[in-house]
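**Q** After the sequence you'll find the predicted model.
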Amino acid sequence: MEASRRCEVCGAAGRLRCDRCRLTYYCDVHHQKADWVSIHERICQLLIPIRTSLPFLLSEKERKHGMEQLAKRQKYIMELAYGTAQKFVLDGKHEEAIPAALHALRFGTEVYGSNSVQLVPAYLLLAEASAGVGHLPEASKYLSQARWIVLSTPDCSAAVRYKLHRSLGLFCAAEGNFEQALYHLANDIYLASSTFGLKSIEASGGYFHMANVFFRQNKTDVANSLYAEVTDIWHAFLVKSVQAQERIRESQPETSPFTEEKEVGEDPMTEAQQAEATRVLKAVLAVREQAPKPQPGETARVLHALAMLYYLVGELSKAEIQCNRYNYGAGSERSKSRPNHVEAAARALQTLRFRACTFSRTSYSVTTLRGYLQYLACQIGNAIT
């Protein structure tokens, strides 16, 4: 059977065809729905010019141009599919990530060739997603392929190698081989910190996963120190991101902050960074709140980081919740240690929400509203520091 008539998800004989693009096939309804939810809805129409053959009677120049356009489209879909799969994984939706990751690998192979180091991220993503749904043999297969490519590429960068070691560490941890997991995560931290810095968010991922391994081994003292390091790294990064967002806002013309128009300038955080920060900080918060011996200072720092994160992504109600969870938290020890800045941040959030609700029926200027936004950022940026 032709490759084009194979199932997009598993490669089996295709019996169903997409009614929209009429170019993709599936072995059953389950795989068709899985691919649609994962990535096909977003790339259905994009596949038509890619999977439609070029006319035969073209000049050499026209065919060359056509091939260049084809490569650009394939690369675009590869990057789109990879980003989509990565977000699913960061959100804990491993099953939904697999079809998108397979598309990233497939189009990456067509663009770069089957042995290119450019394929390693897709293999690692497939390994993590497969392990997340309990398919360890599949995960092992993808990791072996990624490892072979890295070993056969003498000039492979540390930025790729640290990701490989992280994936190997996560796989070993899933198998219960904690010593080997710690070995790979130590290599992950070494390579990431040597490339991006000891206090980089790239290195923080290795600290976080290593802390999880120590936590599972009941070595809570070591785990807690690593969780604190992870919190400090994200806290510093989020403070800088809040400051960067305020600088961007100050440089914009006076328009309503509640319109649909996007601000000029780069976002302080990427979508992947937002998803990773949410996952990591919520996990650390759960550990802190469930600990037999409370650590109010560490818990407060995580809540502060989450408040800044939600402020950055515009989820002000969630930011307020994080302030209030600490501000009005149970326990006399926590109440005694809470700083006044948290109360100020909570009041600033409440004031901002009131102004936002009354904006359409009052004469408050945009400058005034931006002043509240800046005041909120200042209060959050000063809290628990």
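**A** Yep, that arrived.
**Q** Checking my notes, Asp155 in a helix, right?
**A** No - counting by DSSP: H, G, I helix; E, B strand; the rest coil, Asp155 is not part of a helix but coil.
**Q** quick one, phi/psi of it?
**A** Note on Asp155: its backbone torsions stand at phi -100, psi 20 [degrees, to the nearest 10].
**Q** Val230 sits in which helix or strand?
**A** Following DSSP states H and E, one finds Val230 within helix 220-251.
**Q** so what does that helix touch, helix or strand wise?
**A** helix 201-216, helix 271-290, helix 296-312, helix 366-382 (3 or more Cβ pairs under 8 Å, 6 or more residues apart in numbering; DSSP states H and E). To be clear about C-beta, it is placed using only N, CA and C from the backbone, and glycine gets the same treatment.
**Q** out of these, nearest to Glu250?
**A** Among the helices and strands packed on helix 220-251, the nearest to Glu250 by Cβ to Cβ is helix 366-382 (7.7 Å).
**Q** Met210 is in contact with Leu182, correct?
**A** Yes - counting by Cβ atoms under 8 Å, Leu182 does reach Met210; the two are 6.4 Å apart.
**Q** Overlap of the contact sets of these two?
**A** Gly169 (Cβ atoms under 8 Å, 6 or more residues apart in numbering).
**Q** show me what contacts Asp91?
**A** Contacts of Asp91 were listed using Cβ under 8 Å, 6+ apart, and they are 275, 279.
**Q** For it, grab phi and psi.
**A** phi -80, psi 0.
**Q** thinking again about what came up before, most neighbours per residue, which of the helices and strands packed on helix 220-251?
**A** Ranked by mean neighbour count, the helices and strands packed on helix 220-251 are led by helix 296-312 with a mean of 24 (mean count of other Cβ atoms under 10 Å).
**Q** what packs against that one?
**A** Using 3+ Cβ pairs under 8 Å, 6+ apart: helix 296-312 touches helix 220-251, helix 271-290, helix 316-327, helix 332-337, helix 340-358, helix 366-382.
**Q** Which of the ones you listed comes out lowest on mean pLDDT?
**A** The stretch with the lowest average pLDDT out of those is helix 332-337, scoring a mean of 43.
**Q** Taking the centroid of this protein, which residue is nearest it?
**A** The geometric centre of the chain, computed from its C-alpha atoms, lies nearest to Ala272 (Cα atoms, centre = their mean), at 2.7 Å.
**Q** Name the nearest residue to that one, sequence neighbours excluded.
**A** Excluding the flanking residues, the one nearest Ala272 by Cβ to Cβ, 6 or more residues apart in numbering is Gln86, at 5.7 Å.
**Q** Just give the number of residues close to that neighbour.
**A** Using other Cβ atoms under 10 Å, Gln86 has 23 neighbouring residues.
**Q** Surely Arg279 is in contact with Val89?
**A** No - at 9.6 Å, Arg279 does not count as touching Val89 under the criterion of Cβ under 8 Å.
**Q** Near Glu110, how many residues? Count them for me, please.
**A** Counted with other Cβ under 10 Å, Glu110 comes out at 16.
**Q** what does Tyr76 give?
**A** 15.
**Q** Give me the common contacts of Arg279 and Val89.
**A** Going by Cβ under 8 Å, 6+ apart, no residue sits against Arg279 while also sitting against Val89.
**Q** Show me the shaky parts of this protein.
**A** Filtered on pLDDT under 70, the chain yields the residue ranges 1-4, 57, 252-268, 323-385.
**Q** how about a cut-off of 80?
**A** Applying pLDDT under 80 to the chain picks out residues 1-4, 54-58, 245-269, 316-317, 319-385.
**Q** So for stretch 147-166, what gets flagged as buried?
**A** Residues of stretch 147-166 classed as buried: 147, 149-150, 160-166 (neighbour count, 16 or more other Cβ atoms under 10 Å).
**Q** Actually, stretch 214-224.
**A** Neighbour-count burial for stretch 214-224, counted by 16+ other Cβ under 10 Å, picks out 214-215, 220, 223-224.
**Q** Now distance to Arg22 too, for those, in TSV please.
**A** Output for the buried residues of stretch 214-224, formatted as TSV (distance: Cβ to Cβ, whole Å):
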residue	distance to Arg22
Phe214	53
Phe215	51
Thr220	57
Ala223	53
Asn224	57
